[in-house]
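Participant: Fold the following and give me the result.
(one chain, ligands or ions: 2)
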Amino acid sequence: MSVPPSLSLASAREAARPLTILYRGPLASCDYDCGYCPFAKRRDSRARLTADRRALTRFAGWIAAAPERISVLFTPWGEALVRPWYRRTLAELTHLPNVDRVAVQTNLGARPSWTEAADLRRLALWGTYHPDQVPYERFLGRCRELRARGVRFAVGIVGLPEHLAAARRLRGDLPAEVYLWVNAAEGRTYTDAEAAAWTDLDPHFGFSRHAHVSAGAACRTGDTVVSVDGDGVVRRCHFVPEVLGNLYDGSFRAALGRRPCPRPLCDCHIGYVHMDALPLYDVFAGGILERIPAGYGTGPHPAGGAPRPTGAGPETA
Ligand code: SF4
Ligand code: SF4
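Facilitator: Ligands and ions are numbered 1, 2, ... in the order given. A predicted model of the protein is given here:
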């Protein structure tokens with residue numbers, strides 16, 4: 001989008017359509033060792049970490065100058081918050097005038113004190129509990145500290161049978177305002193009885209239980225939502241390889257628009273939440289990126305008030 005000279009950047013931002021970005025840089029290492037994850041205990045070389053830090057700095061600089069209002073969800077392959085450049089950059093992004101939301105997927109292993117530097121009206125954490133990687137009391141303590149600090153967050157768990165007891169315990173110990181989501185385990189089918197047990201914990205488990213048929217379906221990605229990698233390559237989502245353009249030369253903007261999904265199935269929440277046929281922009285109104293349904297949520301309501309489903313197209317409430 002070009003900025004007419006008669007408009008200030010601030011006015012242009014109000015006029016431009018908001019953009020939601022799913023960012024994933026080169027980082028692909030983690031301090032945990034989950035059996036269901038290819039990035040478990042993987043280490044990044046020094047060169048890769050340097051490249052990741054530089055890529056993040058460049059991305060943050062682009063956001064600061066962007067002529068759109070921006071919401072961003074960081075979806076690292078591994079764990080980002082053990083790296084100081086993510087903690088620092090996320091906090092800084094929350095203070096930019098054109099940023100509505102900064103959310104990150106994390107194992108919540110890092111101490112939450114870094115959030116003191118953030119504007120908590122715009123920060124949100126998507127936490128995942130991995131019961132065989134962290135003592136229960138430590139994870140629960142993290143949740144309690146985040147709540148005491150007024151940080152907006154939700155937590156979740158992979159719906160494996162061996163996780164059920166820990167998930168029940170966590171649900172029982174967390175206040176009702178903290179949403180606990182359950183992801184269907186990859187490749188697993190659930191009997192109705194099994195699904196009912198998980199639905200007792202997460203009333204929205206039904207959306208995760210089965211992959212969604214998406215071939216030819218309308219989806220907001222590629223229009224108001226895009227995926228960006230460390231080189232600034234823009235795709236519609238993390239699951240469709242076709243390149244729309246680049247963030248840093250602005251070429252992606254000419255490619256933004258509605259187009260049907262080319263994949264047969266969409267089975268990940270960060271993708272199917274944007275499908276028009278699903279009611280998830282209503283279910284998660286005000287918390288689409290961080291996976292917090294309307295009516296749940298610790299901390300201040302982001303952006304200081306009314307739910308604002310960022311990235312919402314004109315067809316959404
Ligand atoms: S915490 Fe997340 S990134 Fe790390 S090993 Fe477990 S699933 Fe993978
Ligand atoms: S439905 Fe899923 S896979 Fe298809 S374009 Fe949307 S997010 Fe991508």
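Participant: Name the SS class of residue 22, please.
Facilitator: Classification of residue 22 using DSSP: H, G, I helix; E, B strand; the rest coil returns strand.
Participant: I misspoke; the intended subject was residue 138.
Facilitator: Per three-state DSSP, the secondary structure class of residue 138 is helix.
Participant: What number of residues are in the vicinity of the residue in the stretch 51-200 of the chain positioned nearest to ligand 1?
Facilitator: Ranking the residues of the stretch 51-200 of the chain by distance to ligand 1 (Cβ to the nearest ligand atom) places residue 107 first, at 3.9 Å. For the C-beta atoms, the positions are set from N, CA and C on the backbone; glycine is no exception. When neighbours are defined as other Cβ atoms under 10 Å, residue 107 has 22 of them.
Participant: got the contact list for it?
Facilitator: Residue 107 is in contact with 30, 31, 32, 79, 127, 128, 130, 133, 134, counting by Cβ atoms under 8 Å, 6 or more residues apart in numbering.
Participant: Can I get these in CSV including secondary structure?
Facilitator: Compiled in CSV, the contacts of residue 107 are given as follows (three-state DSSP):
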residue, secondary structure
30, coil
31, coil
32, coil
79, coil
127, strand
128, strand
130, coil
133, coil
134, coil
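Participant: Tabulate these (a markdown table), appending pLDDT and distance to residue 20.
Facilitator: Listed next are these as a markdown table, based on pLDDT from 0 to 100; distance: Cβ to Cβ, whole Å:
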| residue | pLDDT | distance to residue 20 |
| --- | --- | --- |
| 30 | 93 | 25 |
| 31 | 91 | 28 |
| 32 | 94 | 27 |
| 79 | 96 | 22 |
| 127 | 98 | 20 |
| 128 | 98 | 21 |
| 130 | 97 | 27 |
| 133 | 96 | 30 |
| 134 | 97 | 30 |
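Participant: among those, which are within reach of ligand 1?
Facilitator: By Cβ under 6 Å from any ligand atom, the members of the contacts of residue 107 lying near ligand 1 are 30, 32, 79, 130.
Participant: Which one of the contacts of residue 107 is nearest to residue 201?
Facilitator: Of all the contacts of residue 107, residue 201 sits closest to residue 128, with 14.4 Å by Cβ to Cβ.
Participant: Any idea what the closest one is bridged to?
Facilitator: Using DSSP bridges, the bridge partners assigned to residue 128 are residue 156.
Participant: quick one: residue 59 and residue 23 touch, right?
Facilitator: Yes: counting by Cβ atoms under 8 Å, residue 59 touches residue 23, with 6.2 Å between them.
Participant: so what sits against both of these two?
Facilitator: Common contact partners of residue 59 and residue 23 (Cβ under 8 Å, 6+ apart): residue 228.
Participant: so residue 171 makes contact with residue 203?
Facilitator: No: using Cβ under 8 Å as the test, residue 171 is too far from residue 203 to be in contact (11.2 Å).
Participant: Show me which of those two is the more surrounded one.
Facilitator: Legend: neighbour count by other Cβ under 10 Å for residue 171 and residue 203, higher for residue 171 (17 against 14).
Participant: Could you say which helix or strand holds that one?
Facilitator: helix 164-173 (DSSP states H and E).
Participant: What is that helix packed up against?
Facilitator: Helices and strands touching helix 164-173, by 3 or more Cβ pairs under 8 Å, 6 or more residues apart in numbering; DSSP states H and E, are helix 136-149, strand 152-159, strand 180-184, helix 192-201.
Participant: Just want the angle from it to helix 136-149.
Facilitator: Per axes from the mean of the first three to the mean of the last three Cα atoms, to 10 degrees, the angle that helix 164-173 makes with helix 136-149 is 30 degrees.
Participant: Give the rounded mean pLDDT of helix 164-173.
Facilitator: In this model, helix 164-173 has a mean pLDDT of 98.
Participant: can you map out the strands along this protein?
Facilitator: Counting by DSSP state E, the chain has strands at residues 19-24, 70-74, 99-106, 123-128, 152-159, 180-184, 212-213, 225-229, 233-235, 243-246, 265-266.
Participant: Minimum distance to ligand 2: which of the ones you listed has it?
Facilitator: Smallest distance to ligand 2 across the strands of the chain (Cβ to the nearest ligand atom): 3.1 Å, for strand 265-266.
Participant: Quick one: distance of the closest one to the chain centre.
Facilitator: A distance of 18 Å separates the centroid of the chain from that of strand 265-266, by Cα atoms, centre = their mean, to the nearest Å.
Participant: can you list the residues that contact that strand?
Facilitator: With contacts defined as Cβ under 8 Å, 6+ apart, strand 265-266 is touched by 211, 212, 213, 214, 215, 217, 219, 239, 272, 275.
Participant: Roughly how far does whichever residue of the stretch 201-317 of the chain sits closest to ligand 1 sit from ligand 2?
Facilitator: The nearest approach of the stretch 201-317 of the chain to ligand 1 comes at residue 268, 13.2 Å away (Cβ to the nearest ligand atom). Residue 268 is 7 Å from ligand 2, where distance means Cβ to the nearest ligand atom, to the nearest Å.
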